[in-house]
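**Q** Please find the sequence and the predicted model below.
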Amino acid sequence: MADESAFDKKKAHRAKHAGRKAEKKKKKNQVDTSNLSARQRNPKAFAIQSAVRAERQFRRREDVIAKKQHIPQVDKTPLEPPPIVVAVVGPPRVGKTTLINNLIKSFIKTNVTHTNGPITIVTSKKRRITLIECNNDINSMIDIAKCADLVLLLCDASFGFEMEIFEFLNICQVHGMPKIMGVLTHLDMIKNAKTLKMTKKTLKHRFWTEVYPGAKLFYLSGILHGEYLRNEIKNLSRFISVMKFRPLSWRSTHAYVLADRMEDVTNQEIIRKNSKVNRDIILYGYVRGVPLMKDSMVHIAGVGDMKISELSYLPDPCPLPSNEKKRHLMERERQIYAPFSGVGGIVYDKDAVYIELKGSHSHAQEDEETNEKKTLLKNVVETTETIDEQMQESGFKLFSGGAVIYPEMVKDDEYLQKKNEGNVESDNDSTDGYESDSEHDSGIDQSEKEHNDNSKLPWNNSFEENDHENSGNQEHSEDTNDDDNDDSLSDDDESRTQDFSIKWKDKLTEKATEAYIERQKTSKNIMKLVYGDFEIGNKTKYEKEESEEESGNEEIGGLFKKVTASQKKKLKEKEKLDLDECSFFYALDKPLLRDWTNENNKQFLINHFVTGKRSTDEDASELLKLDDASDGDDDEELYGDFEDLETGAKHSGGDKPEHTEKSEAGTKRKADLTKSEILNKKLKLKAKFDAEYDNPDDHRIKGDHSYYESLKAEALKQSELNKAVFENLDNGLRIEVEGFRPGLYVRMFFKNMPSEFVTNFDCSYPILIGALNMAEQNIGFVSCKVKKHRWYKKILKTNDPLIISLGWRRFQTLPIYSKIEDDLKCRYLKYTPEHVTCNMHFFGPITPQNTGFLALQSVNNKTNEIKQMGFRIAATGSVNEINKSTQIVKKLKLVGTPLKIYKKTAFIKDMFTSTLEVAKFEGARIKTVSGIRGQIKKALNKPEGAFRATFEDKILMSDIIFCRTWYKVDVTKFYAPVVNLLLPINSKNAWQGMKTKGQLKRERNIKNEANTDSMYLDVNREPKVFKPLRIPKELQKGLPYRFKPKDKTTTLSGKPNNKFKNRIAVVKSPYEQKVSNVMKMLKTNFDKKKETQKQATAERLKNHKKKLEEEEWRRIKRQKELKKKICRQLSKMGNKKRPQM
Amino acid sequence: MPAVIENDVLAYKGSNFFRQRLLLSTLSGRAVKIEDIRSSHDDPGLREYEVNLIRLLDKVTNGTRVELSETGTSVYFQPGILIGGQVTHSCCTQRGIGYYLEVLLALGPFCKEPLNAILQGVTHSNLDVSVDKVKTAALPILLKFILVDDGLELKVVRRGAPPLGGGEIVFRCPVRRHLRPLQWTKWGLVKRIRGIVYALRVSPTMANRVVESAKGVMLKFLPDVYINTDQCRGPNAGKSPGYGVSLVAETDEKTFYCAEAKNLEVGSGSVSLPEDVGREAAQRLLDEVARGGAVDSSFQWLLALWMALGQKDVSECVVGPLSEYTITFLQHLKEFFGVMFKLEVLRNDSEDDSDDEDTPLTSKVKMTCIGIGYVNISKRTL
């Protein structure tokens, strides 16, 4: 055994720990940890220790992500955005103008003498800004908050934040928060370094609580030579030029213009006659927000709703530099445009060019050169019409005696022509048919042929020329039968129709189809077909109208009547005027349908079905083939090695358009391209897969955000489409379709503007022109939720006038506060509640839901009044609902008293005044003060207004009966826009609308008679006297002894009985005693006698009764006997009679 | 007939397009004045069905003001706010329910409360689209704009043929704050054809004969053809006899084309054979398919309306050749809303040149517009 074991025992293998081989092996096993992450080096340390904690961590991470997400919005900023509105806001004497001057200087390196109104400057290659200063009027503050993109909120650090700042921040919050940057000035007034530091800190934190934590606050530490430090201004300007903006909901649905130039174009003569006449004015500015539609209503803040009677765009007065590749702005590209401030060089207008002449000095030296320039310039300036217009006005004569033909006429003709073609039975066709009919009988064929010829003419493609041809055609045909033409055409038509009606009818359907096809062929420019000859771009309505009028009633060349066309059109319209409305394709007449079962037609149609042949790019079999090919190419080595494949993939992008062209290149080539495309796709897919599955950097578990991502992608796609779709459209047409897109500089012509707007014009007030969307120009009842501002000192009273800033508007109205009950009833409130929201109804402009608004009690800027009020914003809220009627109710208790009471029924009076009123309330629930419920049944005749009612119990006469009902409260229809821009210059900030009742009373010193019921007086109460308690005898008997009322008369306790205290004792004389004795005896005798008599009578009566009874019994017996006898007789008789019958 | 605008009131002439004008007026909130309504006719003034339409509009709105002249030849219509909710309306039998239903369909998404309308009258008429057509071809269009179907429903309770009608439908429509912009430039190929044949107070064999002939035509193009018959009895069959068919072609991109045909009315003099009715419907459907486009030609105007009422984004759709009605509607859209469509005629380059004569019939129109940013102002937010 031992031997065996010794044999088994072998030497174990020992791995080498040293030497060349060991070294090699070590090196082989060693992992290169140098470029591994900590996670990969030490995976255990990063493993999930606790599932709960991991879950929590995941949850938290997802929460943070979700908080960051916003609903993706379609980015609507145009390619060339309008200048950014930078508003400088702050209390007076805080350094606003200085800041603007410094900013302008830092941006465009020029000094501006005085700043007034909006100033537009080019700041960088892609950005322009409009600087505007806000004066210390709450009206301006509101308007500025509505249009500013960035607000520089200036604050005097040595003083601290003033009320205006908080007010402004609140206004901003309500109307959509623009970006806000705080700027602290007057820091050099604080001498102590430590106080300075403390002030900065406290102000910063206060600012943060108002705006958001971390909001940017700038410090302008001092003034040197009347300017802020250059470095600080430079920093500020850098911040401004890189600022990013988020779209605000109101401004991304409404277009608006901040006017930077105003012109009065009213005829001076009219003004001279009447200085108060309504003016025609022109306002200029950049369109912002969304595209501005041509004939939309606008609201001019501080003036009211106006209609733009003419809108056109002008070349940009302050354009962005051209797209040359360079880093910085050239000196000449740093432009400034500020008409109100009187800078900006040349100003182009639609009908004039204005030149900034630098003061009167420039006139002093005139040399030859300048003279020449001047004349040239003068020529340009004096040109009142554009070349187009001049062309329009130039006419020519066809015949020496004839009238002059203007191009407008020809155009007009075309238009009519086109319009006619658009009609159901192509007018053009049919008239041609008629005309040729008058000459040859088979006119129809010829005319059709003619048209077919037309369509095959080489210049058919351009629509205009086609028109010319058509009109020429017509002229020609008219020429041939000009004898007839002397009559009006309508007569002609009628007579012809009669003549050829039979034939015409035969071919009606055929012709209609033909006409339709014709229409389709010729109407390449379908927009013209639909919209007629719409005016494009800047060509105004009026010009067109005028020209139409001009050419309307004239003869062309004295030979051809122009009238015919317009008359024809009228006739056509007349025919269509009263047709039955029908939305089918082939309206009322049914043209001959093509027989689709016909083999030729069928061939054409068959490919519209899934069973038909498909186009190559979506044919399944083709695709499959391609797919196979591309799958196979790895094996086939079609492209050789892998690198070649990649290059192929790269090429495919460039080759794409070629592919889409679907040229007649061989299918082989096509297949190749698609193959590479597919390969490309595959590579992308793989990359995506890789990204999803083996992303080694972050091993965390991730949530699914695919929904959000898809939303984002959708919004992005839409915004790209928005930008791309109209990009290479003709500008005029683009404006027609899209509206005046933001970024365009427009000229708005307003008619009938109040003259005060011009005479009291002050350019330090912003002129905000906001477009109104559909239905927003209407007025209705607005219901909104509102909360009194917690800093406002008073509560608000129902029906007190309130100035509301809602949408673009500021207006005064009479609101009614209410509260929504649980049954969704709006219950009237007399005052706003203190710290909760309530409902408010007012009569005002219709505004979309969720629009924020703020309310003020006055916009008057009297300093003492402001001081008294403190914070001026009375309430804030948002719109809930719009309606044309309101349903606000308040409680009403009708009181009545009983007239008469039956058991549970009672007649009630005094509740109503007439039977009619009662009838209205039949069935209503009523209640007494004591809580007995009842119902109104029916009116009574007698006292007018009384009624019968039933109750659940008997009521008392002293009860009062209530009927609880609701009374509808109407909202007063009062709406008055705040027209502060029309006020005289010095009192622009003193608009006074309707006064509150309280104000009026205070002014006129009217005092109310106090209600006596509400007075506090001494209360005199008389003691109540109750009736003694009387217990009925019967009840007394039944009571146990202790409850029985004790008669106190028989007291043995020695107490003298009170009952007999006051009685007098009677003492009789002997005689009287005798008499009374006798009387007593006599009475006893009499009593006894009576007793016996009574007994005797009773006995007698008894006997008598007995006797009577006996007698009665006998009588009855006798009667019975008799009856028996009679009956027997009768039955005998009956028996005898029956057999006979 | 462009409108004359005076004091923000659009003034029109003539009775034609009365429905369009009232509809657009209600949506835009702008007042219209229509004059010279059949002023030179033998019976001047508004017809009964037009007055009936005004009544319906009055029911679904609050605060509408209508002033009729004594002769009825001029109307002033000042719209109120759309309310919606429960509406029961008995339509005039001069026109089909479709005449009124299309209006409700256009107004439906912009009401204060979801519309739940019961309409009674003629369900199938010659002048108007039938309720089947609205159900199959128009509702899918609206669905594209509102995206989520929460209660969009059209139920045909009873059918009624002219002249007496007696049909009833229930239409439900959800409300939206705004409509989505829509891009719909592909309509695909027809993958199936369905249809329904109704026979009211006539022999059931009529229905079968119609089915047979319609199927006969359609089967030449596609094997997937199913046509149901709806043989109504008793009160469900309305008050007048009649039969007809409506065929639907569905494409693989959810476009529905619908064509209809019905028998001639009894009093019209001539008699129609069921076979002819079936063939006519099939031919019309083929015509509709040939015209193509993303929507049926009768509902081009609805598409245009909803595109125009979208948000301030670009919508583009390709439709078949524009019908006369659509062209007028586009003009009206411009007058009421100031929205103008960019219209382009697409050329079918892929078609072979041999079909040159056919191209005009099939030339498609691409409609592009920016929505006016219309929001439902009547809806309540809480």
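**A** Cool, got the structure.

**Q** Geometrically speaking, which residue is the centre of chain B?
**A** residue B:102 (4.6 Å; CA atoms, centre = their mean).

**Q** which element is it on?
**A** Element membership for residue B:102 (DSSP states H and E) is helix B:97-107.

**Q** quick one: that helix near chain A?
**A** Yes. Using CB under 8 Å from any CB of the partner chain, we find that helix B:97-107 touches chain A at B:99, B:102. C-beta here means a position set from N, CA and C on the backbone, and glycine is covered the same way.

**Q** try stretch B:328-336
**A** Yes. Against chain A, stretch B:328-336 shows contacts by CB under 8 Å from any CB at B:330, B:331, B:334.

**Q** what comes into contact with that stretch?
**A** For stretch B:328-336, the external contacting residues (CB atoms under 8 Å, 6 or more residues apart in numbering or on different chains) are A:530-532, B:2-3, B:10, B:17, B:20-21, B:24-25, B:27-28, B:30, B:300-301, B:304-305, B:308, B:322, B:339-341.

**Q** again with stretch A:184-203
**A** A:94-95, A:99, A:154-161, A:217-223, A:228.

**Q** And the buried ones among those, selectable in ChimeraX?
**A** Selecting the buried subset of these in ChimeraX, with 16 or more other CB atoms under 10 Å in any protein chain shown as the burial test, is done by:
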select /A:94,95,99,154,155,156,157,158,161,217,218,219,220,221,223,228
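
**Q** wait, the residue nearest to the centre of chain B sits on residue B:302?
**A** Yes. Judged on CB atoms under 8 Å, residue B:102 makes contact with residue B:302 at a distance of 7.1 Å.

**Q** Between these two, which contacts overlap?
**A** Joint contacts of residue B:102 and residue B:302 (CB under 8 Å, 6+ apart) are residue B:138.

**Q** three-state assignment of the spatially closest residue to residue B:264 that is not a sequence neighbour?
**A** Spatial nearest neighbour of residue B:264, excluding adjacent residues (CB to CB, 6 or more residues apart in numbering or on different chains): residue B:272 at 4.5 Å. At residue B:272 the chain is in coil, as set by DSSP: H, G, I helix; E, B strand; the rest coil.

**Q** residues near residue B:272, how many?
**A** 16 (other CB atoms under 10 Å in any protein chain shown).

**Q** same deal with the one 3 residues further on?
**A** When counting by other CB under 10 Å, one arrives at 14 neighbours for residue B:275.

**Q** Need the pLDDT of the closest residue to residue A:606 other than its chain neighbours.
**A** Using CB to CB, 6+ apart and skipping the chain neighbours, the partner closest in space to residue A:606 is residue A:612 (4.5 Å). Per-residue confidence (pLDDT) for residue A:612: 79.

**Q** hang on, residue A:612 packs against residue B:188?
**A** No. Counting by CB under 8 Å, residue A:612 does not reach residue B:188; the two are 12.0 Å apart.

**Q** Retrieve the pLDDT associated with residue 147.
**A** As the question left the chain open, I've gone with chain A. For residue A:147, the predicted pLDDT is 94.

**Q** hm, I was asking about chain B
**A** Note on residue B:147: pLDDT of 87.

**Q** Please apply the same query to the one 4 residues further on.
**A** According to the model's per-residue confidence, residue B:151 sits at a pLDDT of 89.

**Q** Could you give the number of residues near it?
**A** 12.

**Q** go on, the one 10 residues further on?
**A** Look at residue B:161: counted by other CB under 10 Å, it has 31 neighbours.

**Q** In contact with it, which residues are there?
**A** Taking CB under 8 Å, 6+ apart, we find residue B:161 in contact with B:122-124, B:167, B:200-201, B:238, B:240-244, B:262.

**Q** what's across from it in the sheet?
**A** Beta-bridge partners of residue B:161, counted by DSSP bridges, are residue B:165.

**Q** ok, so what distance separates residue A:780 from chain B?
**A** In this structure, residue A:780 and chain B are 7 Å apart, going by CB to the nearest CB, to the nearest Å.

**Q** what's next to the helix or strand encompassing that residue, contact-wise?
**A** Element membership of residue A:780 [criterion: DSSP H and E] is strand A:779-788. Contacting residues not belonging to strand A:779-788 are listed as A:795-796, A:806, A:815, A:817, A:826, A:832-834, A:836-847, A:853, A:855, A:874-886, A:971, A:975, B:63, B:81 [CB under 8 Å, 6+ apart].

**Q** out of those, which are inside strands?
**A** Counting by DSSP state E, the contacts of strand A:779-788 place A:806, A:817, A:826, A:838-845, A:853, A:855, A:874-883, A:975, B:81 in strands.

**Q** Residue B:284 touches residue B:261, doesn't it?
**A** Yes. In this structure, residue B:284 is within contact of residue B:261 by CB under 8 Å, at 6.5 Å.

**Q** Give the full set of residues in contact with the spatially closest residue to residue A:937 that is not a sequence neighbour.
**A** Leaving aside its chain neighbours, residue A:937 sits nearest to residue A:948 (4.6 Å; criterion: CB to CB, 6+ apart). Contact analysis of residue A:948 by CB under 8 Å, 6+ apart lists A:905, A:906, A:907, A:908, A:937, A:938, A:939, A:940.

**Q** how many other residues sit next to the residue lying closest to residue B:176 once chain neighbours are set aside?
**A** Spatially, and ignoring its direct neighbours in sequence, residue B:176 is nearest to residue B:109 (4.6 Å; CB to CB, 6+ apart). Look at residue B:109: counted by other CB under 10 Å, it has 25 neighbours.

**Q** Alright, calling it a day.
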